[in-house]
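Engineer: I'll drop the sequence and a predicted model, then ask my questions.
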Amino acid sequence: MPPLHALELLPDEAGRDAVRRDWQRLRDAGLPSQLDHAGATNEPHVTLVAAPAIGAAHEAAAGHVVGGLLPVEARAAALALLGGTRVTLVRLVDVPDRLTAAVLDLRALVPDAQHPGWLPHVTLARRLARADVARALEVLGHEDVVLRLTGLRRWDPEAGVVRELSVGS
């Protein structure tokens, strides 16, 4: 599978700090954490769409359709597991209906978008052994976190760069 390009929402500094605290709790417990991802572009984010290619027209549509709704408050609440024998641990993000509708409109424009629909989430850990799930849940607790989503970015894995997109009309 080719590397996937992505359009992503970014939380403000307080939201990034809240997610990084989760990452740090997992690391301090000796569990996998997104802090283990050493890439310079590793930041807390909510992926809108991932696809083998994202063009300039898709970036413009994202800025217009989604960026015009920013900033928006969301709630990172429930913990969920994605995957098979080793799982990805995420916080599901409750977003306003108008943002969900805008993201689904955007996704309809992007050919070969990965995964049907949209499951807004922030990744906390990848490749977590199922045997460690209970401990990870205990470490993270059940506190909800308010995320103020303020930014929009484009990830280009082929060039290895992230570019902030202008938002709003």
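Structural biologist: Perfect, I can see it now.

Engineer: what ranges of the protein fall below the confidence cut-off?
Structural biologist: 1, 40, 167-169 (pLDDT under 70).

Engineer: middle-most residue in it, spatially?
Structural biologist: Residue closest to the average C-alpha location in the chain (CA atoms, centre = their mean): Val46, at 2.3 Å.

Engineer: With adjacent residues omitted, what lies nearest to that one?
Structural biologist: Leu9 (4.5 Å; CB to CB, 6 or more residues apart in numbering). Glycine gets a C-beta too; all of them are placed from N, C-alpha and C.

Engineer: What is the strand or helix carrying that neighbour packed up against?
Structural biologist: Element membership for Leu9, per DSSP states H and E: strand 5-11. Counting contacts by 3 or more CB pairs under 8 Å, 6 or more residues apart in numbering; DSSP states H and E, strand 5-11 is packed against helix 13-28, strand 46-51, strand 145-156.

Engineer: Go through those and pick out the most buried.
Structural biologist: Comparing the helices and strands packed on strand 5-11 by mean neighbour count (mean count of other CB atoms under 10 Å), strand 46-51 ranks first with a mean of 22.

Engineer: where do the helices sit along the chain?
Structural biologist: 13-28, 56-61, 97-109, 133-140 (DSSP state H).

Engineer: which one of these lies closest to Leu69?
Structural biologist: Closest to Leu69 of the helices of the chain is helix 97-109 (CB to CB; 5.5 Å).

Engineer: Distance of the residue lying farthest from the centre of the chain relative to Leu31?
Structural biologist: The C-alpha centroid of the chain is most remote from Ala131, which lies 24.6 Å away (CA atoms, centre = their mean). According to CB to CB, to the nearest Å, Ala131 stands 11 Å off from Leu31.

Engineer: Need the contact partners of the strand holding Leu9.
Structural biologist: 16, 18-19, 43-54, 58-59, 62, 66, 70, 106, 147-158, 165 (CB atoms under 8 Å, 6 or more residues apart in numbering).

Engineer: hmm, try it at 7 Å
Structural biologist: The contact list for strand 5-11, computed with CB atoms under 7 Å, 6 or more residues apart in numbering, reads 19, 43-51, 53-54, 58, 62, 147-157.

Engineer: Just give me the neighbour total for Pro3.
Structural biologist: Pro3 has 12 neighbours, counted by other CB atoms under 10 Å.

Engineer: do the same with Val65
Structural biologist: 17.

Engineer: picking that back up, quick one: which of the helices and strands packed on strand 5-11 is nearest Arg98?
Structural biologist: Of the helices and strands packed on strand 5-11, nearest to Arg98 by CB to CB is strand 145-156, at 12.5 Å.
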